[in-house]
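*Asks:* Structure for this input, please:
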Amino acid sequence: MPRSILLTPRACAPLVLAAFAAVSATAATAAAEPLPRVASINLCADQHVLALADPEQILTVSWLAADPEESLMASEARRHTLNYGTAEELLKFAPDVVLAGTYTSPFTRTMLRRLGFRVVELEPEASVADIERNVQLVAEIVGQGARGEQLVAKLREDVRTIEANRPERKLAAVIVRPGGFTVGADSLANELLTLAGFTNVAAERGLDRWGSLSMEALLRSSPDVIVLTGYRSTQPSLANAVLEHPALRRLGVTQRTITVHTALWACGLPRSIEAAALLQREGRP
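*Replies:* All right, here's what the predicted structure looks like:
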């Protein structure tokens, strides 16, 4: 019969050390794996990447990200190579992942996938919950989970502060954008207005997301506050000429006017909460 082999502690020691060394080597290899290199071709995705990824991970962001009229992170974006959202441009970068939006050119997204790139599309943000979702998604994609959790925690803290400072009486507000357009329900701007303690005149009139109020309807609504977006206000255009309507200018003399720059709520970002804080601050009697 075969004899059983009994290993003494002294004999086991080399085996234990070898196993420990193997595990340590595996862990070290995993820790040394490089973070993914990222290309972004969408304005909102650009800003999430700029806030979450290490600079050396970012291969390129879209040209809009470097425009302060469009982006809250224009100065950060200018440190990186800019793109115009074409598949051909991204070939030279060979990114590990491409971030796009659901409204990014379908042709570009399809072409990139056919070329073998991993393409992740971000849904637009219409609420604070949507902002949290995209922060956590991008943080996971770029391998910066802890940084994403920190941003979400700060966002929630800011929301609680704004909720605690809501005015006793809700102020009726209407957003007037260039061209006479406003912002209705199911939009980030509406959510931020509500968070700040305002009522959105356009939403109460049943406008869904983007829409327009005639000058007559605006005057009849007699809002407590008119919210302007200040989008390219120094650049003459037919859209901005609407904001110079005599009736609107007279209304602005008697009613409180607050300017919230478009970049604060064009994309849903943790910093978008600054729009609600601004509304509260400027809306006080």
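*Asks:* show me where pLDDT drops low in this structure?
*Replies:* 1-32, 178-180, 206-221, 231-254 (pLDDT under 70).
*Asks:* all helices of it, in order?
*Replies:* Secondary structure of the chain, counting by DSSP state H: helices at 9-31, 43-52, 74-77, 87-91, 106-114, 128-141, 145-164, 188-196, 201-204, 215-221, 238-241, 246-254, 263-266, 273-283.
*Asks:* what does the second one contact?
*Replies:* Read it as helix 43-52. 38, 40, 58, 61-62, 64-65, 70-73, 76-77, 99-101, 122, 124-125, 134-135, 138-139, 142, 144, 147-148, 151, 266-270 (Cβ atoms under 8 Å, 6 or more residues apart in numbering). Bear in mind the C-beta positions are built from the backbone N, C-alpha and C, glycine included.
*Asks:* what sits opposite the closest residue to Asn134 other than its chain neighbours in the beta ladder?
*Replies:* Leaving aside its chain neighbours, Asn134 sits nearest to Leu122 (5.3 Å; criterion: Cβ to Cβ, 6 or more residues apart in numbering). Beta-bridge pairing for Leu122 (DSSP bridges): Gly101.
*Asks:* What of Thr259?
*Replies:* Going by DSSP bridges, Thr259 forms beta bridges with Leu228.
*Asks:* on that earlier part again, next, count neighbours for the residue nearest to Asn134.
*Replies:* For Leu122, the neighbour count with other Cβ atoms under 10 Å is 24.
*Asks:* That one is in contact with Ser40, isn't it?
*Replies:* No - taking contacts as Cβ atoms under 8 Å, Leu122 lies outside contact range of Ser40: 9.4 Å.
*Asks:* shared neighbours, those two?
*Replies:* 99-100.
*Asks:* Pull out the buried residues from the contacts of helix 43-52.
*Replies:* 38, 40, 58, 61-62, 64-65, 70-73, 76-77, 99-101, 122, 124-125, 134-135, 138-139, 142, 144, 147-148, 151, 266-270 (16 or more other Cβ atoms under 10 Å).
*Asks:* so what's Thr194 up against?
*Replies:* Asn200.
*Asks:* That one and Arg256: what is the separation?
*Replies:* Distance of Thr194 to Arg256, given as Cβ to Cβ, to the nearest Å: 18 Å.
*Asks:* How about Asn190?
*Replies:* 19 Å.
*Asks:* out of those two, which sits in the busier spot?
*Replies:* A direct count of neighbours by other Cβ under 10 Å for Asn190 and Arg256 places Asn190 higher, at 23 against 16.
*Asks:* any idea how far Pro36 is from Ala126?
*Replies:* In terms of Cβ to Cβ, Ala126 sits 28 Å off from Pro36.
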